[in-house]
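**Q** build me a model from this:
(2 chains)
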2 protein chains.
Amino acid sequence: MTKKKSAKPQKPSAKPAQTVSAETKPDLAAVRAQIDGLDQQIQQLIAERAQWAQQVGKAKGKLAAAVDYYRPEREAQVLRRVVDRNDGPLGDETLVRLFREIMSACLAQQEPLKIGYLGPEGTFSQQAVHKHFGHSAKGLPLASIEEVFQEVAAKHADFGVVPVENSGQGTIQSTLDMFLTSPLTICGEVELRVHQHLLSRSGRLEDIERVYSHPMSLAQCSGWLRQNLPKAEKIPVSSNAEAARRARNADDAAAIAGETAAQVYGLKAIAGPIEDRSDNTTRFLVIGRELFPPSGHDRTSLLVFIRDRPGALYGVLEPLARRGISMNRIESRPAHGGLWQYAFFIDVAGHVQESPLRDALAEVSESAGDVRVLGSYPVAVL
Amino acid sequence: MTKKKSAKPQKPSAKPAQTVSAETKPDLAAVRAQIDGLDQQIQQLIAERAQWAQQVGKAKGKLAAAVDYYRPEREAQVLRRVVDRNDGPLGDETLVRLFREIMSACLAQQEPLKIGYLGPEGTFSQQAVHKHFGHSAKGLPLASIEEVFQEVAAKHADFGVVPVENSGQGTIQSTLDMFLTSPLTICGEVELRVHQHLLSRSGRLEDIERVYSHPMSLAQCSGWLRQNLPKAEKIPVSSNAEAARRARNADDAAAIAGETAAQVYGLKAIAGPIEDRSDNTTRFLVIGRELFPPSGHDRTSLLVFIRDRPGALYGVLEPLARRGISMNRIESRPAHGGLWQYAFFIDVAGHVQESPLRDALAEVSESAGDVRVLGSYPVAVL
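**A** Numbering: from 1, shown residues only, chains lettered A, B, ... in the order given. From the prediction side, this is the model:
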């Protein structure tokens, strides 16, 4: 799940035309006048960009809704260029966020994208929606992951965002299992860093005899808990918010929850971040109704059903390996009866419409099993 | 609370250099190439802007933290210019949001602003924080309005955002009363549109015999409830989220809650928006530790203590009226004992450092009562 920034040529850095030495204190009014001039140019260019975006909409049909001309592969390309060009001073992440917002605003001119996610508002899922689609998209908080799939299938939402794995804890099975029956397609992925904190009423570690949290969060912090609270009871509850609510009502209880939700329940932070891996990341999938063209740096998720006979899995993997196609993930699941007895979720590099993956999948289908392409989509840009 | 857009001269509109007729379908690749060129220019200008913003930081002292050079009056001026210049196609609101984000990113280069607000995340207060400070600022959800004041006073937060009034329902007294004892200053205001919906398990109006909501929300929708649910019991609860939770557990109950929170609890929308005033707006105050200079379009909030004698209030209002200073709001509160027997919260147009308000206040202080300036701050830009 690590990403490499593509090597970039050294560009002349974006120095202000009228260079100011770091030692002399610049004249505030002069600096502000410079900024005002830049703002005027930026605004003019954003307006031009919005007008061209309307032309894209027209190219797709008169007054097309955002969903009709939203193209994830194109957005990924634009953002990769932003990262490649970036010579500071703003960080890649900040610039990508600004350009997502600019694209989001340009796209929402007719009608904004509607994005279903696992609510309530304020969850990591909502953050993932904003990170991927910008704030001009309209988020629809839903009660369950099933409902996210249903609302997208029923066209009440244009896309959905669902959590699918955590870097420390692995796959969220219930999300993957939805693909066993759903006709939806994976159109993108979003990665979000997640930090956990230990919270309690008193803020004193020595008071704690019980720790509440979502099972996933408990697992993410199991090393820290073993070291610092070996005797405390670990009690799984339905959400980290529920955990915080319970910790509020007892002197000897603590909750593991996100930093930002920390003070909502009047709790004090005992320690944090306490997750065992400092790169604790949650990965989300963007689900939609359509397969999009290649972006140049894509991933493909496959669902492969295999007959229960010797060498069947090898028959799937060999055509991929022979072509040098790298595999990010493989996970077996019991299939729901019938001719095929095993199902495998496999993530591989590349796009299903491009060689070598296209040829490899043709070969797998012929010989080894039934291959369903869950989606080919751009690898997350930051 | 209505705002007028300043009259703007007709500017040449931001047409793409290579104009495309609306009738012909443009070539997608050509349009995208245009957009790519614009993106490159926008990025270059944003980078230059960020470098100049660093110079502002240096003008304020080496490696100044964001709080040291954040200037609300300057931000308001920049945003007003954005609105004045705007000839479409993006709306004023969208452009103001984009420029807030650009400013927010430029400001956060050293250390982001920390903004305390009434949590939890996902509340209207959090939306107000993002609307005013952009997403590069760091929001701190707190458990109460008191805590927001405390954390800002203790310098754990740079600024706080607290709700102060609703266009339909008037003042949130508990917020105003904080100023009776707090030394903090009002540094800005944020206005947020708020819509209410009626939600229930079945989605059928005829099933409803009880309606739960926060007292403020019940009041905002009282006209609609009288007309559509005259016999239903109105039951005030601590929050709209709590209302939705209760409505989930009964067939004959409904909740009034915000649109985005609607589906979290698995409820269906019976009707919405149902607030009596379509311009239902909540106003928030930005609180800080400092008085900032005039922005050119400011408001001043005063706390005036008056002796209980005939004509005392007139003695306060006359010097304002005589100078043509318009008053947006006046509200009396019992003062906490002592020599002064009445306290008035008064909002007036203008900045305390500028005539005619400065002179008027000098006159009031001399003759009629004790005047405390709670803050002079830019009128909300959208």
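
**Q** break chain A into its domains for me.
**A** Domain segmentation of chain A under automatic domain parsing yields A:41-107, A:196-271, A:291-382.

**Q** can you put these in a markdown table and add mean pLDDT?
**A** A markdown table is the format used below for these (pLDDT from 0 to 100):
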| stretch | mean pLDDT |
| --- | --- |
| domain A:41-107 | 88 |
| domain A:196-271 | 85 |
| domain A:291-382 | 85 |
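
**Q** dump those domains to TSV, plus mean neighbour count.
**A** For glycine as for every other residue, the C-beta is placed from the backbone atoms N, C-alpha and C. What follows is the domains of chain A, written out as TSV (neighbours: other CB atoms under 10 Å in any protein chain shown):
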stretch	mean neighbour count
domain A:41-107	20
domain A:196-271	19
domain A:291-382	17
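
**Q** now those domains as JSON lines including distance to residue B:347?
**A** Below are these laid out as JSON lines (distance: least, CB to CB, whole Å):
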{"stretch": "domain A:41-107", "distance to residue B:347": "31"}
{"stretch": "domain A:196-271", "distance to residue B:347": "30"}
{"stretch": "domain A:291-382", "distance to residue B:347": "44"}
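
**Q** quick one: which of the ones you listed is nearest residue B:281?
**A** domain A:41-107 (22.5 Å; CB to CB).

**Q** what's the spacing between the top helix by length along chain A and its chain's center?
**A** For chain A, the helix with the greatest residue count under DSSP state H is helix A:28-59. With CA atoms, centre = their mean, to the nearest Å as the basis, helix A:28-59 stands 29 Å off its chain's centre.

**Q** near chain B, anything from it?
**A** Yes - Helix A:28-59 is in contact with chain B by CB under 8 Å from any CB of the partner chain, via A:28, A:31-32, A:34-36, A:38-56, A:58-59.

**Q** following that helix, which helix or strand comes up?
**A** helix A:66-69 (DSSP states H and E).

**Q** just to revisit the earlier point, check which helices and strands the longest helix of chain A sits against.
**A** helix A:66-69, helix A:92-107, helix B:28-59, helix B:72-85, helix B:92-107 (3 or more CB pairs under 8 Å, 6 or more residues apart in numbering or on different chains; DSSP states H and E).

**Q** show me the strands in the stretch 101-250 of chain A, by range?
**A** Here the stretch 101-250 of chain A has its strands, by DSSP state E, counting those that start in this stretch, at A:114-118, A:138-142, A:159-166, A:170-171, A:185-193, A:196-200, A:210-213, A:233-236.

**Q** okay if I get those strands as CSV plus distance to chain B?
**A** Below are the strands of the stretch 101-250 of chain A laid out as CSV (distance: least, CB to the nearest CB, whole Å):
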stretch, distance to chain B
strand A:114-118, 9
strand A:138-142, 5
strand A:159-166, 13
strand A:170-171, 25
strand A:185-193, 14
strand A:196-200, 12
strand A:210-213, 17
strand A:233-236, 21
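
**Q** so which of the ones you listed is nearest residue A:268?
**A** strand A:196-200 (6.4 Å).

**Q** that closest one - contacts with which helices or strands?
**A** helix A:240-248, strand A:253-258, strand A:268-271.

**Q** please redo it, this time with the cut-off set to 6 Å
**A** Under the contact criterion of 3 or more CB pairs under 6 Å, 6 or more residues apart in numbering or on different chains; DSSP states H and E, strand A:196-200 touches strand A:253-258, strand A:268-271.

**Q** next, the angle from that strand to helix A:240-248.
**A** Per axes from the mean of the first three to the mean of the last three CA atoms, to 10 degrees, the angle that strand A:196-200 makes with helix A:240-248 is 30 degrees.

**Q** and strand A:196-200, which strands flank it?
**A** Strand pairing for strand A:196-200, using DSSP bridges, gives strand A:253-258 (antiparallel), strand A:268-271 (antiparallel).

**Q** and the contacts of the first one?
**A** Spelled out, it's strand A:253-258. Here strand A:253-258 makes contact (CB atoms under 6 Å, 6 or more residues apart in numbering or on different chains) with A:196, A:198-200, A:208, A:210-213, A:217, A:221, A:240, A:243-244, A:247.

**Q** between these, which is nearest residue B:90?
**A** Closest to residue B:90, out of all of the contacts of strand A:253-258 and judged by CB to CB, is residue A:240, at 37.5 Å.

**Q** that closest one contacts residue A:212, doesn't it?
**A** No - applying CB atoms under 6 Å as the test, residue A:240 and residue A:212 come out as separate, 8.6 Å apart.

**Q** next, residue A:374: secondary structure please.
**A** Under DSSP: H, G, I helix; E, B strand; the rest coil, the three-state class of residue A:374 is strand.

**Q** name the nearest residue to it, ignoring sequence neighbours.
**A** Using CB to CB, 6 or more residues apart in numbering or on different chains and skipping residues adjacent in sequence, the residue nearest residue A:374 is residue A:301, 4.1 Å away.

**Q** the one you found is in what secondary structure piece?
**A** Using DSSP H and E, residue A:301 sits within strand A:298-306.
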